[in-house]
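> sequence unknown, structure follows:
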């Protein structure tokens, strides 16, 4: 790919380990003069940042980071705005584009996709996402809780495999309990559940359990929780949802 | 990663272009002695296959390919079984694991994740998957159509962004029409729709339209259709779903 002065690349790093970052994400960072990101993600690519301007900031500074990206792009820099996973899934891509579109900016932005947390977690578990699935964030910081509850209800009723992002934080403990209760209205208590912490990066932890017992395990913001559909099973340490082939 | 004799690597190639294949997928193919895959996907990595045993076959030969993989792994070979996108999303990962688990095989298998078609398509469109989304395949070859209809209904009712895989083929023309009708019960006719053909590979085509008009465009098996939620908008050629930040 050719990189353009005054353009913003919105880069998904994937789950964290370099082996799972797409070559174009690596190249965008290498070619960029300015790298902007959440401090934890900046650390993941620290070795690539020599001789670059690096702007890192903390949580809830997402809008500031996008505004910085725009400011530096306007000055003619090649800018990479980095996100973990896929930048287009609860990541920086939407916010950056919203800001550009709001001010009808002529600054170009390109999204470079990555391996999402859900897909990384699934690869750790076996093959739980082999059929129709729903991805839901339990964070009600930016979304009304009623909307999230309704989505959990609809996804469970539709017998989707469900991937929960942001399942629990220090300040949000009840959401995952409510989510489980709603799912139990439609899903059997023995429905397989996979809990993956730090999928495909340092400190990976994999737990296989059931909807009944899932809350007995550690769940936090570094965790993705995958709840099976009515066909999902666990055997020999693998969680698998059949696609329907007669094997 | 260290590669093991007699092990099966289930490899997602990503959307097609080498820039979007994760380094570990490339390495698995390079280290494997036997490569097995659908012929179209084998072509995508042809330059990597010198001095390897290559087994390619056509559509609907998925079970045969998995059995071949097992046969070669049992003989002590390093085997890569390849899938496009992410091998764990409607790909080869589930079938391969099902076969191993069914015969309680002691052959190991590892899933190497990739960029899914949905995420590749989203990156082409802008940032449509910034909020909760559902992934649904319209193929009723292996799934009862009533199940699929119910899922479309539930996903639409829950105001999910919806990604449709396998939306239409020569033999399946009606499914996308029915899907659209169901979605129109819950989603506005002006809901933005992105149609991406050959996302992030040769021949990429991007169409931005609405739920009302989506069927006026070419849709086939190489296409992913992304239908927005109630907040999704299109502006300056980008399809974006707001995450909820006040930009």
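Received, thanks. Note that the coordinates shown come from a computational prediction; the quantities given were computed from them, not determined experimentally. Numbers count the residues shown, from 1 in each chain, chains lettered A, B, ... in the order given.

> now do the contacts for residue A:59.
By Cβ atoms under 8 Å, 6 or more residues apart in numbering or on different chains, residue A:59 lies in contact with residue A:38. All C-beta atoms are positioned from the backbone trio N, CA, C, and that covers glycine.

> that one: which element?
In this assignment (DSSP states H and E), residue A:59 forms part of neither any helix nor any strand.

> the closest residue to residue A:237 other than its chain neighbours bridge partners, please.
In this structure, residue A:237 finds its nearest non-sequential neighbour in residue A:208, 6.8 Å apart by Cβ to Cβ, 6 or more residues apart in numbering or on different chains. Note on residue A:208: beta-bridge partners by DSSP bridges are residue A:194.

> now do residue A:208, the pLDDT please.
We have a pLDDT of 98 for residue A:208.

> neighbours of it, just the number please.
18 (other Cβ atoms under 10 Å in any protein chain shown).

> next up, the contacts around it.
Residues near residue A:208 by Cβ under 8 Å, 6+ apart: A:125, A:192, A:193, A:194, A:234, A:237, A:239.

> from those residues, pick the one nearest residue B:26.
The closest of the contacts of residue A:208 to residue B:26 turns out to be residue A:125 (Cβ to Cβ; 23.2 Å).

> distance of that closest one from residue B:179?
Residue A:125 sits at a distance of 29 Å from residue B:179 (criterion: Cβ to Cβ, to the nearest Å).

> may I see the contacts of residue A:208 organised as JSON lines, with pLDDT and neighbour count added?
Listed next are the contacts of residue A:208 as JSON lines, based on pLDDT from 0 to 100; neighbours: other Cβ atoms under 10 Å in any protein chain shown:
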{"residue": "A:125", "pLDDT": "98", "neighbour count": "28"}
{"residue": "A:192", "pLDDT": "98", "neighbour count": "26"}
{"residue": "A:193", "pLDDT": "98", "neighbour count": "29"}
{"residue": "A:194", "pLDDT": "98", "neighbour count": "26"}
{"residue": "A:234", "pLDDT": "98", "neighbour count": "20"}
{"residue": "A:237", "pLDDT": "97", "neighbour count": "10"}
{"residue": "A:239", "pLDDT": "98", "neighbour count": "26"}
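
> what two of those residues are the furthest from one another?
Using Cβ to Cβ, the two most remote members of the contacts of residue A:208 are A:193 and A:237, lying 14.1 Å apart.

> just the ones of the contacts of residue A:208 in strands?
A:192, A:193, A:194, A:234, A:239 (DSSP state E).

> list the buried residues in the helix or strand bottoming out on mean pLDDT in chain A.
When each helix and strand of chain A is scored by mean pLDDT, DSSP states H and E, helix A:39-44 comes last, with a mean of 93. Under the neighbour-count criterion of 16 or more other Cβ atoms under 10 Å in any protein chain shown, helix A:39-44 has A:41, A:42, A:44 buried.

> make a markdown table from the residues you listed and add distance to chain B to it.
Output for the buried residues of helix A:39-44, formatted as a markdown table (distance: Cβ to the nearest Cβ, whole Å):
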| residue | distance to chain B |
| --- | --- |
| A:41 | 17 |
| A:42 | 20 |
| A:44 | 15 |
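
> would you mark the buried spots in stretch A:237-247?
For stretch A:237-247, the buried set under the neighbour-count rule, 16+ other Cβ under 10 Å, comprises A:238, A:239, A:240, A:241, A:242, A:243, A:244, A:245, A:247.

> distance check, the last one against residue B:100.
In this structure, residue A:247 and residue B:100 are separated by 10 Å, where distance is defined by Cβ to Cβ.

> now residue A:30
Plainly put, residue A:30 is 39 Å away from residue B:100 if you go by Cβ to Cβ.

> again with residue A:228
Residue A:228 sits 18 Å away from residue B:100, going by Cβ to Cβ.

> between those two, who's got more neighbours?
Neighbour comparison, residue A:228 and residue B:100: the larger count goes to residue A:228, with 29 against 24 (by other Cβ under 10 Å).

> now do the contacts for the more buried one.
With Cβ under 8 Å, 6+ apart, residue A:228 has these contacts: A:128, A:161, A:187, A:191, A:192, A:193, A:239, A:241.

> number of residues surrounding residue A:172?
By other Cβ under 10 Å, 16 other residues sit near residue A:172.

> please apply the same query to residue A:196.
Around residue A:196 there are 27 other residues, counting by other Cβ under 10 Å.

> which helix or strand contains it?
Short version, using DSSP H and E: residue A:196 is in strand A:192-197.

> also residue A:179?
helix A:174-184.

> could you say what helices and strands that helix packs with?
helix A:145-157, strand A:161-165 (3 or more Cβ pairs under 8 Å, 6 or more residues apart in numbering or on different chains; DSSP states H and E).

> again, only using 10 Å
Helix A:174-184 sits against helix A:145-157, strand A:161-165, strand A:223-227, with contacts defined as 3 or more Cβ pairs under 10 Å, 6 or more residues apart in numbering or on different chains; DSSP states H and E.

> closest to chain B out of those?
helix A:145-157 (3.1 Å; Cβ to the nearest Cβ).

> ok, which stretches of chain A are helices?
Along chain A, the segments classed as helices by DSSP state H run A:23-31, A:39-44, A:62-74, A:92-102, A:117-125, A:145-157, A:174-184.

> and those helices, which is most packed in?
Of all the helices of chain A, helix A:117-125 has the most neighbours on average by mean count of other Cβ atoms under 10 Å in any protein chain shown, namely a mean of 29.

> what's the pLDDT at the nearest residue to residue A:49 once chain neighbours are set aside?
Sequence neighbours aside, residue A:35 is the residue nearest to residue A:49 in space, at 5.9 Å (criterion: Cβ to Cβ, 6+ apart). Residue A:35 carries a pLDDT score of 98 in this model.

> could you list everything residue A:35 pairs with in the sheet?
Applying DSSP bridges to residue A:35, the residues it is bridged with are residue A:54, residue A:80.
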